[in-house]
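Student: What shape does this take:
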Amino acid sequence: MTATTASSGLAKREKQIVLACAIIVGGMVGMAYAAVPLYDLFCRVTGYGGTTQASSEFSDVVLDRMVTVRFDANTSRDLPWGFRPQQVSTDINIGADGLAFYTAENLSDKPVVGTATYNVTPQKAGVYFAKVECFCFTEQVLMPGESIDMPVSFFVDPAIADDPNMDDVSTITLSYTFFEKANPTTPIPATPVTLSN
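Tutor: Coordinates of the predicted model:
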């Protein structure tokens, strides 16, 4: 074996190592970008982390077992809104149609678009808590000083009664946190211009 052949073989091997490292780094970057949507999908399917379910219709089965649903409201520090539930809690039969209202008020002097995240506690109940309609499904636009009432319709899936891990659940807390939407897809209406004399 000549020195040129050995040098050529070494250079080829170094190129293979560099290529393998580049593929590994590229794969890691790709997985990092895919992790958030994949985790979100996992949470929505399994209810992990208290993620609730969305349903296109209400349950047609109502059980005698009741559960207390508590309502919680929070806002990010950067969002100039007042946000609160209109009721502290409600007692509802499992499978029955539930309806609750939250109130949001824009306390600033400019239009603001907000979006809400949500979960339930205990987290294991997330897979059984279904929302049919919710203000959290869309962005909310509030003009300066505007206040709105926002409904959420929901039910607790009767399948909860078949899960022995859920026998100790008598209270479920539905919690929302509103954040200002940095790049809203909802157009903000123009505010009227006031002319002074």
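Student: name the element the residue most central in space within the chain belongs to?
Tutor: Nearest to the mean C-alpha position of the chain, counting by C-alpha atoms, centre = their mean, stands Thr117 at 4.0 Å. Element membership for Thr117, per DSSP states H and E: strand 112-121.
Student: What strands line up against the helix or strand that comes right after that strand, and which way round?
Tutor: Note on strand 112-121: by DSSP H and E, the next helix or strand toward the C-terminus is strand 129-134. Strand 129-134 has the following strand partners under DSSP bridges: strand 53-54 (parallel), strand 147-156 (antiparallel).
Student: ok so Ala159 is a helix residue?
Tutor: Yes: applying DSSP: H, G, I helix; E, B strand; the rest coil, one finds Ala159 inside a helix.
Student: Can you tell me what sits against stretch 82-97?
Tutor: Residues from elsewhere that reach stretch 82-97 (C-beta atoms under 8 Å, 6 or more residues apart in numbering): 58-59, 61-75, 98, 100-105, 107, 149, 153, 155-158, 160-161, 171, 176, 178. All C-beta atoms are positioned from the backbone trio N, CA, C, and that covers glycine.
Student: Would you agree the residue nearest to the centre of the chain is in contact with Cys136?
Tutor: Yes: applying C-beta atoms under 8 Å as the test, Thr117 and Cys136 come out as touching, 7.4 Å apart.
Student: which neighbours do the two share?
Tutor: Tyr176.
Student: and Ile92, what element?
Tutor: For Ile92, the enclosing helix or strand under DSSP H and E is strand 89-93.
Student: and Asn93, how many neighbours?
Tutor: 16 (other C-beta atoms under 10 Å).
Student: helices or strands next to the helix or strand where Val69 lies in the packing?
Tutor: Element membership for Val69 (DSSP H and E) is strand 66-75. Counting contacts by 3 or more C-beta pairs under 8 Å, 6 or more residues apart in numbering; DSSP states H and E, strand 66-75 is packed against strand 81-85, strand 89-93, strand 98-106, strand 147-156, strand 171-180.
Student: now with 6 Å?
Tutor: On a contact count with 3 or more C-beta pairs under 6 Å, 6 or more residues apart in numbering; DSSP states H and E, strand 66-75 meets strand 81-85, strand 89-93, strand 171-180.
Student: Tell me how far the first one lies from the chain's centre.
Tutor: It stands for strand 81-85. From the chain centre to the centre of strand 81-85 is a distance of 18 Å (C-alpha atoms, centre = their mean, to the nearest Å).
Student: buried sites along the strand holding Thr117?
Tutor: Val112, Val113, Gly114, Thr115, Ala116, Tyr118, Asn119, Val120 (16 or more other C-beta atoms under 10 Å).
Student: So, low pLDDT: which residues of this protein?
Tutor: 1-7, 29-56, 184, 186-197 (pLDDT under 70).
Student: go with 50
Tutor: Residues of the chain that meet the criterion pLDDT under 50 lie in 35-50, 193-197.
Student: Glu14 sits in which helix or strand?
Tutor: Glu14 belongs to helix 3-46, assigned by DSSP H and E.
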